[in-house]
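*Asks:* I'll drop the sequence and a predicted model, then ask my questions.
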Amino acid sequence: MGALLAVASVLAAVVGVWLAATGLQPEPSTPDIRGTYLEDGRPIADFQLVDQNGEPFTAVGLNDHWTVLTFGYTRSEAATPNTLGLLHSARELLTRVHLAQRLEIALITVDPGHDDPRELSRFLADYPAAFHGLTGEPARIRELAASVGVRYSERAGEPGSYTIQPRQALLVVNPDGELTALLMPPLHPELIAQDLHTLMQHHRGSLVDYLLQR
């Protein structure tokens, strides 16, 4: 028992020194973000889609890094391009604190009849490799959308135009593949980056706590 206490003391000291060295303070039990934080995370329904390269993309592809999911479509005149632009700028801001490499973006199309892998590849051509475009069978996309609380429908009398609710929502998935936060408009790159930074630090702090308690 004494040896275990000694090891725990050493680990606590190491963590304390690390926190001091990085200028970080222990995170509160609930991270202070502008969106909705899901305390214990929400499992995401298993899914099977394909990316812009025609490669399979499943729920396993969400593990071991942070992912922001957003639903949209390439024929959107403003909402989808604007959202991706904001996410690109936010990710660039995270390079300043060496966190961009831990973040990936996934655009899930609600218009799979038009947005095949080739179209998604064209649409994402100017974005980094960390940006994925996902398409697949309409039923599979609707199942995934329903599992994360997203609804969409084609606008009456406007073929190829869709209403998506919640509009421009950013669904943040942690490295365990769980939905952990929902960020809503109005969106700004600096605020998105700040919220993602807060979530990442909170998750890392929770992991340290877990290891110390084992």
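*Replies:* Everything's here; your move.

*Asks:* so which helix or strand takes in the spatially most central residue of the chain?
*Replies:* Averaging the C-alpha coordinates of the chain gives a centre point, and the residue nearest to it by CA atoms, centre = their mean is Val68 (2.1 Å). According to DSSP states H and E, Val68 maps onto strand 66-72.

*Asks:* Gly157 now?
*Replies:* Using DSSP H and E, Gly157 sits in no helix or strand.

*Asks:* Can you name the element that comes right after the strand holding Val68?
*Replies:* Taking DSSP H and E as the definition, the helix or strand right after strand 66-72 is helix 79-94.

*Asks:* now the angle from that following helix to strand 66-72?
*Replies:* Angle, helix 79-94 to strand 66-72, by axes from the mean of the first three to the mean of the last three CA atoms, to 10 degrees: 160 degrees.

*Asks:* Would you mind extracting the C-alpha trace of the helix or strand that comes right after helix 79-94 into CSV?
*Replies:* The helix or strand immediately downstream of helix 79-94 is strand 103-109, counting by DSSP H and E. Provided in CSV are the C-alpha atoms of strand 103-109 (Å, rounded to 0.1, in the frame of the first residue of the first chain):
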residue,chain,number,x,y,z
LEU,A,103,-8.5,17.8,-35.5
GLU,A,104,-10.3,16.5,-38.6
ILE,A,105,-13.5,17.8,-40.4
ALA,A,106,-16.2,15.6,-42.0
LEU,A,107,-18.8,17.0,-44.3
ILE,A,108,-21.7,14.6,-44.6
THR,A,109,-23.8,15.3,-47.6
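
*Asks:* And strand 103-109, how far out from the chain middle?
*Replies:* The chain centroid and the centroid of strand 103-109 are separated by 7 Å, computed with CA atoms, centre = their mean, to the nearest Å.

*Asks:* Next: stretch 33-50.
*Replies:* Using CA atoms, centre = their mean, the distance between the centre of stretch 33-50 and that of its chain works out at 8 Å.

*Asks:* thinking again about what came up before, report all helices and strands that the strand holding Val68 contacts.
*Replies:* helix 79-94, strand 103-109, strand 170-173, helix 189-213 (3 or more CB pairs under 8 Å, 6 or more residues apart in numbering; DSSP states H and E). Glycine gets a C-beta too; all of them are placed from N, C-alpha and C.

*Asks:* which residues touch the shortest one?
*Replies:* Residues lying outside strand 170-173 but in contact with it, judged by CB atoms under 8 Å, 6 or more residues apart in numbering, are 35, 44, 62, 66-70, 83, 87, 148, 150, 179-184, 187, 192, 196, 199.

*Asks:* Can you tell me which of those residues are buried?
*Replies:* Neighbour-count burial (16 or more other CB atoms under 10 Å) applied to the contacts of strand 170-173 gives 35, 44, 62, 66-70, 83, 87, 148, 150, 179-183, 187, 192, 196, 199.
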